[in-house]
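Enquirer: Have a look at this fold, sequence not included:
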């Protein structure tokens, strides 16, 4: 019987889809965390509350993407070890990964608590929303260890080819988060603080469920105590692979925080409008994002096994599927953005501002189908430094400058500010295609010499 977790054999499309759909479903449920927070407070609160949760959750999203990026180092290390057939290396990657992230989560909690207010000031959080945004971020900061370890455990499972366990866990947590939002915000009127408390509790439960599942079902790559001790080579490999991804994802997210700051300076309605649009965008981008994560693990195994043509084939399959879904989502976002924005708030001005911003994201939805699959392919090959480089160029060379200069134009709309995002994606796709061609030529020359 074929091993369901082996990506080096079988039909590429069916194997990739079987692995990718639970990741897509899990990411959908994770997106519900912030979406439900905003939806509930949008209907029980006011524009200031929406702005507070939007700004605070955008800040905490930075923490999540940096953690996920670092944890991708574990996914790639495990995937490549499995591709090589080395269970010992896979166990070592799991053990050292857990220890590295224990240290990381402790340092992260301290930093978040110390710099909450300075960061919110840098983001130009509207005065009406500042106190609530501060409460939101501080409560989430106290639960940072849960945010870190859910993503670490999910990365470990995916590195071994298991995308279903993270789905089961996040499904349970999403239900709990929704119930918590309704209780803390609707019944107790805790506003943004209630949204944060519900998020922390549900993340804590997700970690607990992961541990229970491991104990009940067993785990093929359970590390020994010796493998939990930091080993320079193993921990260094995880950081070498994960750090560029984390830096790239973090800096890209910072670029969106800068855009949030630019928009916040325009007033509470534009601030709330972009906040709502970002939540809608979290769903629009799910398909390409899920393929980026899936391809990282899929390509890593084939890279470890030396099956590069199969790795390239998986990237092309991911692009086709992402583009098909992206065309539908782009149409909905461009022509029906007001409807989706109205799910999060009843304020007509906020809905109009959000719909305007979403039109620009609709354009980007088509192009990221290519960009994200390139990124997943390069991550799986271990070319994470290039991923970091192209991401930084797109964010700081295009997205921030364009959004800033456009925002200075009198009478500018959020649609025009939002066009900075597809502009940066075009540049990044050109960089990725050029690098892909260079890698392919280099690989072919090496094969010819053999």
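Expert: Perfect, thanks for sending it. Values in this document were obtained by computation on a predicted structure and should not be read as measured data.
Enquirer: confidence score at the closest residue to residue 255 other than its chain neighbours?
Expert: Spatial nearest neighbour of residue 255, chain neighbours left out: residue 395 (3.7 Å); criterion: C-beta to C-beta, 6 or more residues apart in numbering. Bear in mind the C-beta positions are built from the backbone N, C-alpha and C, glycine included. Reported pLDDT at residue 395 in the predicted model: 86.
Enquirer: Is residue 395 in contact with residue 254, as I believe?
Expert: Yes - using C-beta atoms under 8 Å, residue 395 is in contact with residue 254, at 7.4 Å.
Enquirer: hmm, who's touching stretch 305-323?
Expert: 7-8, 12-13, 16-17, 20, 83-84, 287-288, 291, 294-295, 298-299, 302-303, 366, 368-370, 372-374, 376-377, 380-381, 440, 443 (C-beta atoms under 8 Å, 6 or more residues apart in numbering).
Enquirer: Recalculate using a threshold of 7 Å.
Expert: 8, 12-13, 16, 83, 287-288, 291, 295, 298-299, 302-303, 366, 369-370, 372-373, 376-377, 380, 443 (C-beta atoms under 7 Å, 6 or more residues apart in numbering).
Enquirer: now do stretch 426-445
Expert: Taking C-beta under 7 Å, 6+ apart as the rule, stretch 426-445 contacts 308, 367, 370-371, 374, 386, 390, 393-394, 398.
Enquirer: cool, and stretch 253-266?
Expert: With contacts defined as C-beta under 7 Å, 6+ apart, stretch 253-266 is touched by 55, 58-59, 61-62, 65, 122-126, 270-271, 274, 395-396, 399-400, 403-404, 407, 417.
Enquirer: coming back round to it: show the backbone phi and psi for the residue nearest to residue 255.
Expert: With angles defined as degrees, to the nearest 10, residue 395 sits at phi -70, psi -50.
Enquirer: again, but for residue 123
Expert: Taking degrees, to the nearest 10 as the convention, residue 123 sits at phi -80, psi 0.
Enquirer: Show me where the stretch 301-450 of the chain has its strands.
Expert: Read by DSSP state E, counting those that start in this stretch, the stretch 301-450 of the chain holds no strands at all.
Enquirer: can you give me the helices for it?
Expert: 308-341, 348-380, 384-392, 400-407, 414-418, 420-449 (DSSP state H, counting those that start in this stretch).
Enquirer: on that earlier part again, who's more crowded, residue 395 and residue 254?
Expert: Higher neighbour count among residue 395 and residue 254: residue 395, with 24 against 16, using other C-beta atoms under 10 Å.
Enquirer: what residues are up against that one?
Expert: Residue 395 sits in contact with 251-252, 255, 424, where contact means C-beta under 7 Å, 6+ apart.
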